[in-house]
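**Q** My questions concern the predicted model and sequence given below.
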Amino acid sequence: MNTLTKLALGLMGQLKPRPPVGTAATTIELPPPHRSGGMPLMEALQTRESRREFAPEALPEQTLSDLLWASAGINRPELGGRTAPSAMNSQEVQLYVALPQGLYRYESAAHALLLEVATDVRRVTGYQDFVDTAPLDLIYVADHGRMKLVPAAQREAYAFTAAGAMAQNVYLYCASAGLATVIRAWFDRHALSQAMHLEADQQLLLAQTVGAAKGDR
Ligand SMILES: Cc1cc2nc3c(=O)[nH]c(=O)nc-3n(C[C@H](O)[C@H](O)[C@H](O)COP(=O)(O)O)c2cc1C
């Protein structure tokens, strides 16, 4: 769906998810992530960029596993520490994954995807048309219930900062794996909150599309 249509539907409160493609499993157990190898860090930094043309094919499960672990995975099991920092280790940013068959939440401890809503919410994750057909859109959501130790006035800023760190991990993983990605803030927050069935203390932060690159730079 093109951007103008999405803007118009959004104004009318009619920007809605599509029916799911296929049947959504309640849980997707991910294979263990590859925690070594990949492109040298300085080359990944040299290669990092935003790209906005995506092939529609689903990412292999191992790629999905590595990508989610890079963003929000546990890298120090003894501490429950993650690959990205958070203020006072609140780990308040929840990572949602919009796939054609449904909306999932990444559960770091289990390294699995848990089904939240069995609809295709990709279209609602952004005004830009590519979000509808790219194989996955990540959505970063702050759970304010996990930030009780953070002063109230700082919570939003801290959550955006933590989401930014997670998103940069995704950028670097994508650079290393030869995938395209772009972080995004331009979406209909009301429509997406509704489509995701978010609770009152959950705040939408950012979205990020990932997929194999299509076309030239
Ligand atoms: C907070 C934030 C919000 C952004 N929102 C969007 C967006 O909604 N749509 C989009 O296409 N790009 C978005 N971008 C990506 C920027 O346009 C992009 O990073 C910038 O043009 C620099 O390009 P580069 O990432 O290739 O260096 C956003 C970037 C940031 C940091």
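**A** Arrived safely, thanks for sending.
**Q** Return the distance of Gln94 relative to Met39.
**A** 28 Å (C-beta to C-beta, to the nearest Å). (C-beta placed from N, C-alpha, C; glycine too.)
**Q** More neighbours: which of those two?
**A** Gln94 (21 against 16; other C-beta atoms under 10 Å).
**Q** what's the following helix or strand after the helix or strand where the more buried one lies?
**A** Per DSSP states H and E: Gln94 is located in strand 93-99. As assigned by DSSP H and E, the chain's next helix or strand after strand 93-99 is strand 102-107.
**Q** Off-centre distance for that next one?
**A** Mean-position distance between strand 102-107 and its chain equals 9 Å (C-alpha atoms, centre = their mean, to the nearest Å).
**Q** What angle do strand 93-99 and it make with each other?
**A** 150 degrees (axes from the mean of the first three to the mean of the last three C-alpha atoms, to 10 degrees).
**Q** mind showing which ranges of this protein have poor pLDDT?
**A** 216-217 (pLDDT under 70).
**Q** what secondary structure does the residue nearest in space to the middle of it sit in?
**A** Centroid check for the chain by C-alpha atoms, centre = their mean gives Leu138 as the closest residue, at 1.7 Å. On the three-state scheme (DSSP: H, G, I helix; E, B strand; the rest coil), Leu138 is labelled strand.
**Q** Name the helix or strand for the residue nearest to it when sequence neighbours are not counted, please.
**A** Of all residues not flanking Leu138 in the chain, Gln208 sits nearest, at 4.4 Å (C-beta to C-beta, 6 or more residues apart in numbering). Assigned by DSSP H and E, Gln208 belongs to strand 202-212.
**Q** Which elements pack onto that strand?
**A** Counting contacts by 3 or more C-beta pairs under 8 Å, 6 or more residues apart in numbering; DSSP states H and E, strand 202-212 packs against strand 136-143, helix 155-177, strand 179-184, helix 189-196.
**Q** what lines up beside it in the sheet?
**A** strand 136-143 (antiparallel), strand 179-184 (antiparallel) (DSSP bridges).
**Q** Quick one: work out the angle between the strand holding Gln94 and helix 155-177.
**A** Using the same axes, to 10 degrees: strand 93-99 against helix 155-177 is 50 degrees.
**Q** do stretch 185-197 and the ligand meet?
**A** Yes - shown here: stretch 185-197 in contact with the ligand (C-beta under 6 Å from any ligand atom) through Ala185, Trp186.
**Q** residues of that stretch that come out buried?
**A** Phe187, Asp188, Ala191, Leu192, Ser193, Gln194, Ala195, Met196 (16 or more other C-beta atoms under 10 Å).
**Q** Stretch 208-217 now?
**A** Buried residues in stretch 208-217 (16+ other C-beta under 10 Å): Gln208, Thr209, Val210, Gly211, Ala212, Ala213, Lys214.
**Q** for stretch 14-32, same thing?
**A** Buried, per 16+ other C-beta under 10 Å, within stretch 14-32: Leu15, Pro17, Pro20, Ala24, Ile28, Leu30.
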